[in-house]
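Peer 1: got a structure for you, letters missing:
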């Protein structure tokens, strides 16, 4: 069966700018897999608006993204959100030439 | 190089202190992100895809070894052990925590650095020729004028909220534009008039982004003393008449096109005639005072470099010989050379330099180049004043540091924006393409055979990777949530400025580097001789042979179909 389309509320944590995903209980996780899945985009928009009003200290710029959810995983639909969820796809730190000596 | 006076020092320290308070209020929730955003942007702090990003200003790209060590220290203490060289001669840190940024600004202020004018709708960091002050073909060192304009523009109250960001570049070499002045909001060329007086040719309305334009000359000769008053008039006309209702139409290039160059010039001249008061004139004494900071270092009297360079480039050490040919640049002082350190290596995101490398580069600069380093807009580093007799020793040290690649100006010396791996605005990734190009073409004989060709990659239409002016330009686009790439040919940022044109339908990621290879293979077949540069061949034969090479192939045709509108 094809994975079902859901919506998730995401934002950035204010302290370090890392990804924040809204859990079903209204708390925030750094992992997309822990996000609360919504069956309607409109509900996500309501949660995002609430977060702007109530949780602006903890998180910044909440918005809604589309995901595919199956039993095994939750995956964002757009390339942007997939990369955002998993981190840069390229080496993060230049190999330390000091180690070559 | 320029040394801060008490005023410079005070305003930068005060700015860092103000930001510490603003950050504390944001972290406590006293101010919202909406309120905080303009404040952080005025301090070079962006929110990117995975983290904050702090962009540090490097006026005209020039750094002292002390500053390079401090940048290394910041990378180690507050980031992930590396810094990234940008396409406007700045550096950026990709992972700072908000609470650490005030301390980073303190550390920067301590070595006369800051992050102002690296974001927001103000006059941005002023860029220049990376070989300023040493180029044999230079008419005059542009850096004193860059510095004068830096001081004039920093916190200038009238121009703190322009319709959009504003970029200025200056070159002192009329014969060869290495600062892409024709692609800046204002481009300035130091020129000589018929009476042999030095002044400025002023271009306006150049730029890349979604509507690329080559700047138009609005004044062929501006006497030097009027530099600031004329800049003010240009900015005032833009500030008054530039669009603020649509950010995509807010750059000065749009205004220049809308009014027409003649009408834009008329308005500037009219304002200038009314406002060029004596207070805005640049006294010779002030120019002389600033110029002193850029006085040549204590060069030794040495024999000319030509024979040594020939011997080194033709010697038995082929790695050294290729590096001499590709990475060493002529110097106006006999016995000295400029060295371009390539920061384009296989397996390494272009422009990323580790903290230990930065420390080592500072040491190399102290030992070989009077303690100076220049960041280039091509995301490399220049050691400007190296004794030609030291080149072999220096090369050996750079090889040990993983910085000895002999590919400057060659096809693996790719300008690349951060793309979708880091950037909040990007539509597609840039760095993986650059890494693939670096791996695939990492054969020195092939690089030398293909010769001088520039590849420039942007992950979106904002064109931070300068794709419009790449001999080969690659633009990442989003098609229904997937990454595709347009291939462009024929761009050039220099005196022969041109904007590249799209070759054909967009290609998926797994086909774009293959397409580049097909273009290059076709070039090797159709060029008149090994002396005909790629750009000249494209201009001579047109796009058809390259279109055939890329899209004639059935596989590519099918791949491109998926990317067609």
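Peer 2: Noted; the coordinates are in hand. Just so we're clear, the structure is a prediction, and the values are computed from it rather than from any experiment.
Peer 1: Quick one: residues contacting the residue of the stretch 1-150 of chain B found nearest chain A.
Peer 2: In the stretch 1-150 of chain B, the residue that lies nearest chain A is residue B:29 (2.9 Å; CB to the nearest CB). (Glycine included, C-beta is placed from N, CA and C.) By CB atoms under 8 Å, 6 or more residues apart in numbering or on different chains, the residues touching residue B:29 are A:56-57.
Peer 1: Please report phi then psi for it.
Peer 2: With angles defined as degrees, to the nearest 10, residue B:29 sits at phi 90, psi 0.
Peer 1: any idea where the strands of the stretch 451-565 of chain B begin and end?
Peer 2: In the stretch 451-565 of chain B, the segments counted as strands under DSSP state E, counting those that start in this stretch are B:455-458, B:472-479, B:482-489, B:501-502, B:507-508.
Peer 1: Nearest approach to chain A belongs to which of those?
Peer 2: Using CB to the nearest CB, the nearest of the strands of the stretch 451-565 of chain B to chain A is strand B:482-489, at 5.2 Å.
Peer 1: any idea which element whichever residue of chain A sits closest to chain B lies in?
Peer 2: Closest residue of chain A to chain B, CB to the nearest CB: residue A:57 (2.9 Å). Counting by DSSP states H and E, there is no helix or strand that carries residue A:57.
Peer 1: which one is residue B:308 nearest to, not counting chain neighbours?
Peer 2: Leaving aside its sequence neighbours, residue B:308 sits nearest to residue B:388 (CB to CB, 6 or more residues apart in numbering or on different chains; 4.9 Å).
Peer 1: Tell me if I'm right that that neighbour and residue B:336 touch.
Peer 2: Yes: between residue B:388 and residue B:336 there is a contact under CB atoms under 8 Å: 6.4 Å.
Peer 1: Identify the contacts common to those two.
Peer 2: With CB under 8 Å, 6+ apart, residue B:388 and residue B:336 have common neighbours B:302, B:305.
Peer 1: which regions of the chain sit below the pLDDT cut-off?
Peer 2: Since you didn't name a chain, this refers to chain A. Within chain A, the segments meeting pLDDT under 70 span A:1-2, A:93-101.
Peer 1: ah, I was thinking of chain B
Peer 2: Judged by pLDDT under 70, the stretches of chain B that qualify are B:553-565.
Peer 1: Show me it divided up by domain.
Peer 2: Chain B breaks down by automatic domain parsing into domains covering B:6-110, B:127-292, B:309-400, B:415-563.
Peer 1: Relative to the whole chain's centre, how far out is the longest one?
Peer 2: Computed by CA atoms, centre = their mean, to the nearest Å, the chain-centroid distance of domain B:127-292 equals 17 Å.
Peer 1: What's the end-to-end length of that domain?
Peer 2: 19 Å (CA to CA, to the nearest Å).
Peer 1: can you tell me which residues contact residue 40?
Peer 2: Since you didn't name a chain, this refers to chain A. Contacts of residue A:40 by CB under 8 Å, 6+ apart are residue A:7.
Peer 1: wait, I meant chain B there
Peer 2: Counting by CB under 8 Å, 6+ apart, residue B:40 touches B:19, B:22, B:26, B:46-47.
Peer 1: Neighbours of residue B:496, how many?
Peer 2: By the criterion of other CB atoms under 10 Å in any protein chain shown, residue B:496 has 11 neighbours.
Peer 1: So residue B:435, which state does it fall into?
Peer 2: Recorded secondary structure, residue B:435: helix (DSSP: H, G, I helix; E, B strand; the rest coil).
Peer 1: neighbours around the residue of chain A closest to chain B, how many?
Peer 2: Residue A:57 has 16 nearby residues by other CB under 10 Å.
Peer 1: And the nearest residue to it once chain neighbours are set aside, how far from residue B:11?
Peer 2: Once flanking residues are discounted, residue A:57 sits nearest to residue B:29: 2.9 Å by CB to CB, 6+ apart. Look at residue B:29 and residue B:11: by CB to CB, to the nearest Å, they are 29 Å apart.
Peer 1: before we move on, back to that, would you agree the residue of chain A closest to chain B is in contact with residue A:13?
Peer 2: No: checked against CB under 8 Å, the pair residue A:57 and residue A:13 is beyond contact range at 10.5 Å.
Peer 1: out of the strands of the stretch 451-565 of chain B, deepest packed?
Peer 2: strand B:455-458 (a mean of 30; mean count of other CB atoms under 10 Å in any protein chain shown).
Peer 1: centre of the chain versus that strand, how much separation?
Peer 2: For strand B:455-458, the distance to the chain centre is 13 Å (CA atoms, centre = their mean).
Peer 1: and that strand, does that touch chain A?
Peer 2: No: on the criterion CB under 8 Å from any CB of the partner chain, strand B:455-458 is out of touch with chain A, staying 12.8 Å away.
Peer 1: Which residues does that strand contact?
Peer 2: B:411, B:414-417, B:419, B:430, B:433-434, B:437, B:464-476, B:491, B:516.
Peer 1: who does that strand pair up with?
Peer 2: If you go by DSSP bridges, strand B:455-458 pairs up with strand B:415-416 (parallel), strand B:472-479 (parallel).
Peer 1: Any chance of these in TSV with distance to residue A:6 as columns?
Peer 2: Shown next, in TSV, are the strands paired with strand B:455-458 (distance: least, CB to CB, whole Å):
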stretch	distance to residue A:6
strand B:415-416	35
strand B:472-479	21
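Peer 1: Any idea which of the ones you listed gets closest to residue B:377?
Peer 2: Closest approach to residue B:377 among the strands paired with strand B:455-458 is made by strand B:415-416 (7.7 Å; CB to CB).
Peer 1: returning to that earlier point: make CSV out of the strands of the stretch 451-565 of chain B and add distance to residue B:93.
Peer 2: CSV is the format used below for the strands of the stretch 451-565 of chain B (distance: least, CB to CB, whole Å):
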stretch, distance to residue B:93
strand B:455-458, 21
strand B:472-479, 23
strand B:482-489, 26
strand B:501-502, 34
strand B:507-508, 32
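Peer 1: quick revisit: export the domains of chain B to TSV and tack on distance to residue A:32?
Peer 2: Output for the domains of chain B, formatted as TSV (distance: least, CB to CB, whole Å):
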stretch	distance to residue A:32
domain B:6-110	13
domain B:127-292	30
domain B:309-400	24
domain B:415-563	16
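Peer 1: So which of those domains is nearest residue A:9?
Peer 2: domain B:6-110 (15.3 Å).
Peer 1: so how far is the first residue of the closest one from its last?
Peer 2: End-to-end distance of domain B:6-110: 13 Å, with CA to CA as the criterion.
Peer 1: how about the helices in chain A?
Peer 2: All helices of chain A, identified by DSSP state H, fall at A:41-54, A:79-86.
Peer 1: Tell me which of the ones you listed is the most buried.
Peer 2: The stretch of the helices of chain A with the highest mean neighbour count (mean count of other CB under 10 Å) is helix A:79-86, at a mean of 20.
Peer 1: between it and strand B:472-479, how big is the angle?
Peer 2: 90 degrees (axes from the mean of the first three to the mean of the last three CA atoms, to 10 degrees).
Peer 1: relative orientation of helix A:79-86 and strand B:482-489 in degrees?
Peer 2: Using the same axes, to 10 degrees: helix A:79-86 against strand B:482-489 is 120 degrees.
Peer 1: just checking, what packs against helix A:79-86?
Peer 2: strand A:74-76 (3 or more CB pairs under 8 Å, 6 or more residues apart in numbering or on different chains; DSSP states H and E).
Peer 1: In contact with residue B:261, which residues?
Peer 2: Neighbours of residue B:261 in contact, by CB under 8 Å, 6+ apart: B:204-205, B:216, B:218.
Peer 1: Go through the residues you listed and name the one nearest chain A.
Peer 2: residue B:205 (31.8 Å).
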